[in-house]
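1. need a 3D model of the sequence below.
(chains A and B)
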Amino acid sequence: MRPVHQSPAPWLLVVLLALPFVASNYWLHVAIVVLMNITYTVALCAVLRMGYLSLGHAGFIALGAYTSVVCSVRFGLSPWFGMVAAAALCGVVAWGLGALTLRLRGIYFSLAVFAFGEIVVAIARAFDWLGGPSGIANVPRPSFFGIKLDTHFSFYWLAMALAVLLVTFFARLEQTRFGATLLTLKTEPGERLAESVGVNTAAHKAACFAMSCAAVGAMGAVHSMYLLFVNPQVFSFLMSTDLVIYAMIGGTTGFWGPVLGAGALTALGEQLFSVGYWKTLVYALILMGVILVVPGGLSAVSALWKREMTPRGGR
Amino acid sequence: MSLALFLQALSIGIVNGALYILTALGLTLIYGILHIVNFAHGELYMLGAMLVYLLFVAFEWPLWAAVPVIVLLSVLAGFAVERTIFRRLRGQWLQLLVATVGVSLIVQSVSWIAFGAQEKTVPSVLEGVLLLGTVRIPIERLAAAAIAMLLVALLYLVVYRTRTGLAMRAIEEDEETARMLGVDTDRVAGVSVALGFALAAMGGIFVAPIYSINPGMGLDAILMSFIIIIVGGLGSITGTVLAGFLIGIIQAIGSLALGAEAAHILVFVAMIAMLVFRPQGLMGRVR
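-> Numbers count the residues shown, from 1 in each chain, chains lettered A, B, ... in the order given. Sure thing, here's the model as predicted:
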């Protein structure tokens, strides 16, 4: 097996730091959207790597976004507080849902989380206090030492800082004992083995799911601040499936799979499609092509190529 | 809530439940063979309803010609999807599950592009209302529910009284042993998927005159179906039938008491409660 973690190139950080000084507002917008989607996808992959498919991550993004908006718009609290509250609430809810469903077979988890995602949106739509079908507008943006983040340039730094922080967190997680344990849970024999040496697998899985959802909740809060509004349509099932598509096309292992999958497809989507259904159709067609030809995603292709190049070759 | 109102809600719940069961049963059937839940299932339901609109309303075909054609198409679609996608990915549950999501997204987005976002309606086929004391049930819904129950009985016969049904149950029990004993798993998988697809399409056909039709309706159906099969126990036909009625009734009474959106939440709470107290579902086995 190839190394699980390649060190993310420092030049990537240099590019991210230099970008706002050379890019136009339009490209900064693309960069912000790309960074948000990369964060969501990397967090989703943390759950995928332990062998569980979440089909409702958009529900947690929505929970984070709505929590932060309710804090800032309804209670007049600082957006920073809203962001922390969003992460905390998403983490706790995910831990509870995970504790219930992760001890069952993977399909129960996928179905329950899917239902959860739909219900969050249904709740948001049902109550006028949460904005109802039209959502809540005039979401305030936070200030950083007196500088209000109300331009693309200033907001980019917030989105970028949070994205780098969270992506690094999940990349580092794999190198810890906790992260390594999570990887063993992917297969049933692996899980039994871990249990036999005294690992509390259920607690590990629930904790991993909680971390993933806390991360997307925090980013969801930033998402709502960037959009300046929230409504139920933004966080539809299609958002959950988009994230799964990014992950499956890029490949779920390693650092580059989810990052490139989300990055390339989001940038492409922002460029090509103004109508949602065409975007969904093209994404889904690419997805089917990749799954049927290279089930491991595109990052598996490079691994396959490397293996062909080694003296023993093949499998 | 007065007794009359309660009984009215109960009757709505039972009739709706009977229709939910059709879609959910196909999921159960496919789960038994492939061990994944077919996400594209709701799209068959949507296509069933949409094709009723297209053939019966737009092309003005008679109903006796339109319905068999739709069912035949769904059976063919079942064999085709099993052959081209499910068979290639068997054993890789993650890829398989995501592939069904992919199929669902393709069908849905093509339908939005082809049919547009405008709601479509199919005129009632049967007029009239049945009066049972104070309870009023539209004849059309009653007929749809009755035919749905007839189909469920038919499915029972197929699964428990035919050789193909025996093979299905054998594969569900232990696929490797079944194969060793000469069961053609590929053929049985094809038949199961085709049957499941046909059931979902029929669910769509029955609701076409009852609800308005749009390409997004499959998602609502699949959400309900998932909750039903979790409550009933994955892979259990009897459990699916019981849970379908239960969820239908909870939803109808909840809608009456709390409103339609809040009823959704109530149904979700029922599912969570099931996962807490009896994770294997009403009739599921512990594994």
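2. show me where the stretch 51-200 of chain A has its strands.
-> For the stretch 51-200 of chain A, applying DSSP state E, counting those that start in this stretch gives strands covering A:143-144, A:147-148.
3. would CSV of these with distance to chain B be doable?
-> No exception for glycine: its C-beta is placed from N, CA and C like everyone else's. Shown next, in CSV, are these (distance: least, Cβ to the nearest Cβ, whole Å):
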stretch, distance to chain B
strand A:143-144, 36
strand A:147-148, 36
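4. what residues does the stretch 51-200 of chain A put near chain B?
-> A:51, A:53, A:55, A:100-101, A:103-108, A:110-112, A:114-116, A:118-119, A:122-123, A:125-126 (Cβ under 8 Å from any Cβ of the partner chain).
5. if we can go back for a sec, deepest-packed of the strands of the stretch 51-200 of chain A, please.
-> strand A:143-144 (a mean of 14; mean count of other Cβ atoms under 10 Å in any protein chain shown).
6. which elements pack onto that one?
-> helix A:152-173 (3 or more Cβ pairs under 8 Å, 6 or more residues apart in numbering or on different chains; DSSP states H and E).
7. which strands and helices sit next to the helix it packs on?
-> helix A:10-22, helix A:25-48, strand A:143-144, helix A:177-184, helix A:201-227.
8. can we see that at 10 Å?
-> On a contact count with 3 or more Cβ pairs under 10 Å, 6 or more residues apart in numbering or on different chains; DSSP states H and E, helix A:152-173 meets helix A:10-22, helix A:25-48, helix A:79-101, strand A:143-144, strand A:147-148, helix A:177-184, helix A:201-227, helix A:256-272.
9. in which helix or strand does the residue in chain B that chain A sits nearest to reside?
-> Among all residues of chain B, B:Glu261 sits closest to chain A, at 3.4 Å; criterion: Cβ to the nearest Cβ. Applying DSSP states H and E as the criterion places B:Glu261 in helix B:260-277.
10. what residues of stretch A:289-305 count as buried?
-> Across stretch A:289-305, burial judged by 16 or more other Cβ atoms under 10 Å in any protein chain shown covers A:Val290, A:Ile291, A:Pro295, A:Gly296, A:Gly297, A:Leu298, A:Ser299, A:Ala300, A:Ala303.
11. and the closest residue to the third one other than its chain neighbours, what pLDDT?
-> In other words, A:Pro295. Once flanking residues are discounted, A:Pro295 sits nearest to B:Gln95: 4.6 Å by Cβ to Cβ, 6 or more residues apart in numbering or on different chains. Per-residue pLDDT puts B:Gln95 at 87.
12. again, but for the one 3 residues further on
-> You'll see B:Val98 listed with a pLDDT of 91.
13. how far does whichever helix or strand it is part of sit from the chain's center?
-> Using DSSP H and E, B:Val98 maps to helix B:93-115. Distance of helix B:93-115 from the chain centroid (Cα atoms, centre = their mean, to the nearest Å) equals 17 Å.
14. buried set for that helix?
-> Quick answer for helix B:93-115 (16+ other Cβ under 10 Å): B:93-112, B:115.
15. who are the packing partners of it?
-> In terms of contacts (3+ Cβ pairs under 10 Å, 6+ apart), helix B:93-115 is packed against helix A:106-126, helix A:237-250, helix A:276-293, helix B:3-34, helix B:41-52, helix B:63-81, helix B:87-89, helix B:217-232.
16. so what angle separates the directions of the longest one and helix B:41-52?
-> What separates the directions of helix B:3-34 and helix B:41-52 is an angle of 110 degrees, with axes from the mean of the first three to the mean of the last three Cα atoms, to 10 degrees.
17. brilliant, that's me finished.
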